[in-house]
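Peer 1: A predicted structure for the sequence below; I have some questions about it.
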2 protein chains.
Amino acid sequence: MSTGSRCGPYFCGIDAAMDVVSGKWKVLILWELNEHGVRRFAELRRGLPGVSEKMLTQHLREMEEDGLVHREVYREVPPKVEYSLTEHGLSLNAALASLGAWGTERIGRIGAEKVAVSGWRS
Amino acid sequence: MSTGSRCGPYFCGIDAAMDVVSGKWKVLILWELNEHGVRRFAELRRGLPGVSEKMLTQHLREMEEDGLVHREVYREVPPKVEYSLTEHGLSLNAALASLGAWGTERIGRIGAEKVAVSGWRS
DNA sequence: TCGGATACCCACCTTCTGGTAAGTACCCCT
DNA sequence: AGGGGTACTTACCAGAAGGTGGGTATCCGA
């Protein structure tokens, strides 16, 4: 998966979009980055309770490959890396908005539990 | 998974929506059902090249549990079962439209291959 | 000097997902 | 009588996804 680039063949557009978004934390990373604009690695980790460092780096690398996030490395000590959304990441987030609204409605319908994390809304 | 109902806890709405849609063929089933209105089991199987009977039944059962599809059994011989979308399934499909548009744009951007199947558009 | 922070990488292990192949029971067509 | 279609179910298996716990090099504060 790390080398197997997500590039189809696809049945349709939804298929292609689901591909870049499939991964336990990807939409959450997208959301977090959208909310805060720019985030450092450790900030993302703290914002996503339960994510392992391995998964976070792996997902971030894949999203970088897919052109969704921008990775800015500052060659200093201690290391500093900033992540932000590219324009494709931003537009993907916008495209996910209606899906988010549907999901929020569903949460209310089935009375699902929600993880209480400060900073998470909707 | 068959018994583990998809019911959170969730971080946000997108999370909840992704949950009911995660599965290799689910969005495709959703799309197929949306295009044709009502479909029988074998029609769906033929419309989704590569799907195994096991996965199709499994996904259909889960989507029924999640209130996305309606299953109508006709007690005859040979057996006849018709599947269609519920209103929640229809609204989910509508919510996926913008994501589909994003994906279609992405396919063009990266020049991904598309499965050529008659009946599939966009 | 010791612990904590930064941003990772690596190997190992478990869990989950999906595929294969078989069986079921009854029908129609040739 | 044999083959194909209907809509599944079950058992088994392979590969992918994700979690755990270690290591790296450097710096800062206590």
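Peer 2: Here it is on my side, so go on.
Peer 1: How far off centre is the top helix by length along chain A?
Peer 2: Using DSSP state H, we find that the single longest helix of chain A is helix A:87-110. If you compare the mean C-alpha spot of helix A:87-110 with that of the full chain, they lie 12 Å apart, counting by C-alpha atoms, centre = their mean, to the nearest Å.
Peer 1: Tell me how confident the model is about it, as a mean pLDDT.
Peer 2: For helix A:87-110, mean pLDDT rounds to 96.
Peer 1: Pull out the buried residues from it.
Peer 2: The neighbour-count check on helix A:87-110 (16 or more other C-beta atoms under 10 Å in any protein chain shown) flags A:88-89, A:91-93, A:95-107, A:110 as buried. Using the backbone N, CA and C atoms, a C-beta is placed for each residue, glycine as well.
Peer 1: Also stretch A:47-60?
Peer 2: By neighbour count on 16+ other C-beta under 10 Å, the buried set for stretch A:47-60 is A:47-48, A:51, A:55-56, A:59-60.
Peer 1: just the strands in chain A please.
Peer 2: For chain A, strands defined by DSSP state E occupy the ranges A:38-40, A:69-74, A:80-85.
Peer 1: how about these in TSV, adding mean neighbour count and distance to DNA strand D?
Peer 2: As requested, those are exported to TSV (neighbours: other C-beta atoms under 10 Å in any protein chain shown; distance: least, C-beta to the nearest atom of the strand, whole Å):
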stretch	mean neighbour count	distance to DNA strand D
strand A:38-40	16	15
strand A:69-74	14	13
strand A:80-85	17	11
